[in-house]
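K.L.:
the following comprises the amino acid sequence and a computationally predicted model.
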Amino acid sequence: AQSVSQHNHHVILSEAASLELGCNYSYGGTVNLFWYVQYPGQHLQLLLKYFSGDPLVKGIKGFEAEFIKSKFSFNLRKPSVQWSDTAEYFCGAAGNKLTFGGGTRVLVKP
Amino acid sequence: KAGVTQTPRYLIKTRGQQVTLSCSPISGHRSVSWYQQTPGQGLQFLFEYFSETQRNKGNFPGRFSGRQFSNSRSEMNVSTLELGDSALYLCASKGTGGENIQYFGAGTRLSVL
């Protein structure tokens, strides 16, 4: 069965710190990978996606993610976070349906 | 282009009642999916409709049902509500032509008392 796991439930950082959120997926076929973000009081928005090609993908707001096929991972990174990056982040994998990880709440302290 | 619209935004119901939630996808999108979001379980897939047919289904009891109309608008129904059904219900639409990206609405927050 398709599954996605996110390593951290909560992350607290200070502004300008680097962020890395882990995501591993389990799926037997071709899979599309996503990171979505949910800012407080707002709807889910797509940060970035990987379908094929260059395993390092860049998204909005300075985020990037690296697909490592051998590790079934799709980790999200941002070199220097801002207070406005406080949000919940969801990793998703889509085969015939989109499955999400449990989410990681990120709090950036000013 | 308008985004995914969900109505109502908030609902309060009591145990045993039923509820119907509505979702209007982005114009031109024919796939509509529903998700349940709770603090404990995260985002869980309910079902997907495409061209009025259910294409995929998650692991929810039969009390959760849905349908899609010819204009791609979708409704989700929950019968015999339980306290544990309190959640944010999200709808997402997806275009055709190979773009496998879900666009989400703001959700309907259901509270069951």
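P.N.:
Thanks, I have the structure now. Residues are numbered from 1 along each chain as shown, chains lettered A, B, ... in the order given.

K.L.:
from A:Tyr89, how far out is the closest residue in space to B:Gln68 that isn't next to it in sequence?
P.N.:
Closest residue in space to B:Gln68, ignoring its immediate chain neighbours: B:Tyr49 at 3.7 Å, by CB to CB, 6 or more residues apart in numbering or on different chains. Where C-beta positions appear, they are placed from N, C-alpha and C, glycine not excepted. As for B:Tyr49, its distance to A:Tyr89 is 27 Å (criterion: CB to CB, to the nearest Å).

K.L.:
does chain B sit close to stretch A:53-63?
P.N.:
No. Judged by CB under 8 Å from any CB of the partner chain, stretch A:53-63 makes no contact with chain B; its nearest approach is 12.2 Å.

K.L.:
endpoint to endpoint, that stretch covers what distance?
P.N.:
Distance between the two ends of stretch A:53-63: 18 Å, counting by CA to CA, to the nearest Å.

K.L.:
what of stretch A:80-99?
P.N.:
28 Å.

K.L.:
for whichever strand or helix holds B:Gln37, buried residues please.
P.N.:
For B:Gln37, the host element (DSSP states H and E) is strand B:31-38. Neighbour counts using 16 or more other CB atoms under 10 Å in any protein chain shown place B:Ser31, B:Val32, B:Ser33, B:Trp34, B:Tyr35, B:Gln36, B:Gln37 of strand B:31-38 among the buried residues.

K.L.:
against which helices or strands is it packed?
P.N.:
When contacts are defined as 3 or more CB pairs under 8 Å, 6 or more residues apart in numbering or on different chains; DSSP states H and E, strand B:31-38 sits against strand B:42-50, strand B:74-78, strand B:87-94.

K.L.:
got the angle for it vs strand B:87-94?
P.N.:
160 degrees (axes from the mean of the first three to the mean of the last three CA atoms, to 10 degrees).

K.L.:
tell me the average confidence for strand B:31-38?
P.N.:
Mean pLDDT, computed over strand B:31-38, is 96.

K.L.:
show residues contacting it.
P.N.:
Strand B:31-38 is contacted by residues A:97-98, A:100, B:23, B:25, B:43-50, B:55-56, B:60, B:66, B:68, B:72-74, B:76, B:86-96, B:102, B:107 when judged by CB atoms under 8 Å, 6 or more residues apart in numbering or on different chains.

K.L.:
and stretch B:49-67, average pLDDT?
P.N.:
95.

K.L.:
picking up where we left off before, so for B:Tyr49 and A:Tyr89, which residue has more residues nearby?
P.N.:
B:Tyr49 (26 against 23; other CB atoms under 10 Å in any protein chain shown).

K.L.:
going by residue numbers, what spans are strands in chain A?
P.N.:
For chain A, strands defined by DSSP state E occupy the ranges A:3-6, A:10-14, A:19-21, A:23-26, A:32-38, A:45-50, A:56-58, A:64-68, A:73-78, A:87-94, A:98-100, A:104-109.

K.L.:
how about the first one, does it reach chain B?
P.N.:
What that stands for is strand A:3-6. No. Under the criterion of CB under 8 Å from any CB, strand A:3-6 makes no contact with chain B; the nearest approach is 8.8 Å.
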